[in-house]
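Asks: model the following, please.
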Amino acid sequence: MILPGESLRPDPSPDPSTERTSFMRRLAVPAAVLFMAASASGAFAQTTRLDAVYSVHLTGIPIGQGAVILDLNESGFAAAGTAKFTGLVRMISKGEGTSTVRGAFTQNRVTSSVYATQSNSSERKEKIDIVVENGFAKEFSVLPPPPDLDRNRVPITQDARTNVVDPLSAGLMLVSAPGDVLNPQSCNRTLPIFDARFRYDVVLSYLRTETAPKKTDGYQGPVLVCQARYVPVAGHRTDRQQVQQLANNKELFVWLAPVSDTRVLVPIKVSISTPIGTMVVEATRFRATPR
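Replies: Below is the predicted model of the structure:
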């Protein structure tokens, strides 16, 4: 998270270890504040913090990086994340974004959340806010509004906003008991996502179980590999071939890793086939600690 007055651009030749420490420290403050707000109404149970850093590659070429600080307990969670283009892509188009979310768990799912994200690129600046209460997207806004908001789009009805989760909360997958987190059935679920512009499902199904790569700092245990399928519901344009191409894409995969001492699974890797190659988002750091 970039604090007021801070430069968005790194020093010309930063020390990698110093830059990462500063990067994660900026995230830790808003995550902690959000979690305190989310937990203020109840007893403060033991909290687990996930410190995760991700790299993004397209056909093996690094194009971006991101980081997430997630605090969670049995009653709720709060997270702050940031992402930016890197390498050659940054020379062509500067792009950075920050997101925050806090929410509550009911039984085995996220039912309420307050989500905000802001992105800045060479072409556009955008801010999105979503408030979900009891699974219903009660409030949402996209500023500035997309120029083609009403052209050939499937309307977002009240039904389309019911029983949904915001994009960041969708990455938290709860199971019934901590000891059963890596049961293959944990993979079989549908994520009903609403991002203020589009309503879509991500349908996950179990594929296999494997071990996390040794290059991931903080976790080398088993992970669930799920095949994913994109199902457009509302908000998408009916005249865009890309929507149908994504819906027909069978090369979407998600690797889920358990957050220790919790009953939550979080993506540790995502792989998506695109017309110009395979894009892979993979954790280089995935460290959970009790607090």
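
Asks: and the residue nearest the centre of the chain, what's its pLDDT?
Replies: The centroid of the chain falls nearest to Leu168 when counting by C-alpha atoms, centre = their mean (3.9 Å). Per-residue pLDDT puts Leu168 at 96.

Asks: equivalent analysis for Arg153, please.
Replies: Predicted confidence (pLDDT) for Arg153: 89.

Asks: ok, now which ones touch the closest residue to it other than its chain neighbours?
Replies: The shortest distance from Arg153 to any non-neighbouring residue, by C-beta to C-beta, 6 or more residues apart in numbering, is to Arg237 (5.3 Å). Where C-beta positions appear, they are placed from N, C-alpha and C, glycine not excepted. By C-beta atoms under 8 Å, 6 or more residues apart in numbering, Arg237 lies in contact with 148, 151-153, 243.

Asks: relative to Ala52, which of these is nearest.
Replies: The closest of those to Ala52 turns out to be Val243 (C-beta to C-beta; 29.8 Å).

Asks: and the gap between the closest one and Gly76?
Replies: 34 Å (C-beta to C-beta, to the nearest Å).

Asks: check Glu251 too.
Replies: Per C-beta to C-beta, Glu251 is found 35 Å from Gly76.

Asks: more crowded one of the two?
Replies: Higher neighbour count among Glu251 and Gly76: Gly76, with 25 against 11, using other C-beta atoms under 10 Å.

Asks: isn't that one right up against Gly103?
Replies: Yes: between Gly76 and Gly103 a contact is recorded at 6.0 Å, counting by C-beta atoms under 8 Å.

Asks: which non-adjacent residue is nearest Val243?
Replies: Per C-beta to C-beta, 6+ apart, closest to Val243 is His236, 4.8 Å.

Asks: got it, and Ser271?
Replies: Leaving aside its sequence neighbours, Ser271 is closest to Phe253 (4.6 Å, by C-beta to C-beta, 6+ apart).

Asks: for the one you found, give me its contacts.
Replies: 207, 225-228, 270-271.

Asks: can you pick the most crowded of those residues?
Replies: Busiest of the contacts of Phe253 [other C-beta under 10 Å] is Cys226, holding 25 neighbours.

Asks: doesn't that residue fall inside a strand?
Replies: Yes: counting by DSSP: H, G, I helix; E, B strand; the rest coil, Cys226 is found in a strand.

Asks: is it correct that it is in contact with Ser205?
Replies: Yes: taking contacts as C-beta under 8 Å, Cys226 lies within contact range of Ser205: 6.3 Å.

Asks: shared neighbours, those two?
Replies: By C-beta under 8 Å, 6+ apart, the residues touching both Cys226 and Ser205 are Cys187.

Asks: mean confidence for stretch 72-91?
Replies: 83.

Asks: using PDB, write out every CA atom in it.
Replies: Taking Å, rounded to 0.1, in the frame of the first residue of the first chain, the C-alpha atoms of stretch 72-91 are listed here in PDB:
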ATOM      1  CA  LEU A  72      -7.600 -13.900   9.600                       C
ATOM      2  CA  ASN A  73      -9.300 -15.700  12.400                       C
ATOM      3  CA  GLU A  74     -12.500 -17.700  12.800                       C
ATOM      4  CA  SER A  75     -14.800 -14.700  12.600                       C
ATOM      5  CA  GLY A  76     -13.300 -12.600   9.800                       C
ATOM      6  CA  PHE A  77     -10.400 -11.400   7.800                       C
ATOM      7  CA  ALA A  78      -8.700  -8.300   6.400                       C
ATOM      8  CA  ALA A  79      -6.200  -8.000   3.500                       C
ATOM      9  CA  ALA A  80      -4.200  -5.400   1.700                       C
ATOM     10  CA  GLY A  81      -2.500  -6.100  -1.600                       C
ATOM     11  CA  THR A  82      -0.500  -4.300  -4.300                       C
ATOM     12  CA  ALA A  83       0.600  -5.200  -7.800                       C
ATOM     13  CA  LYS A  84       2.700  -3.600 -10.600                       C
ATOM     14  CA  PHE A  85       4.200  -4.200 -14.000                       C
ATOM     15  CA  THR A  86       7.900  -4.900 -14.100                       C
ATOM     16  CA  GLY A  87      10.600  -5.500 -16.600                       C
ATOM     17  CA  LEU A  88      10.100  -4.700 -20.300                       C
ATOM     18  CA  VAL A  89       6.400  -4.300 -19.900                       C
ATOM     19  CA  ARG A  90       6.900  -1.400 -17.500                       C
ATOM     20  CA  MET A  91       8.900   0.400 -20.200                       C
END
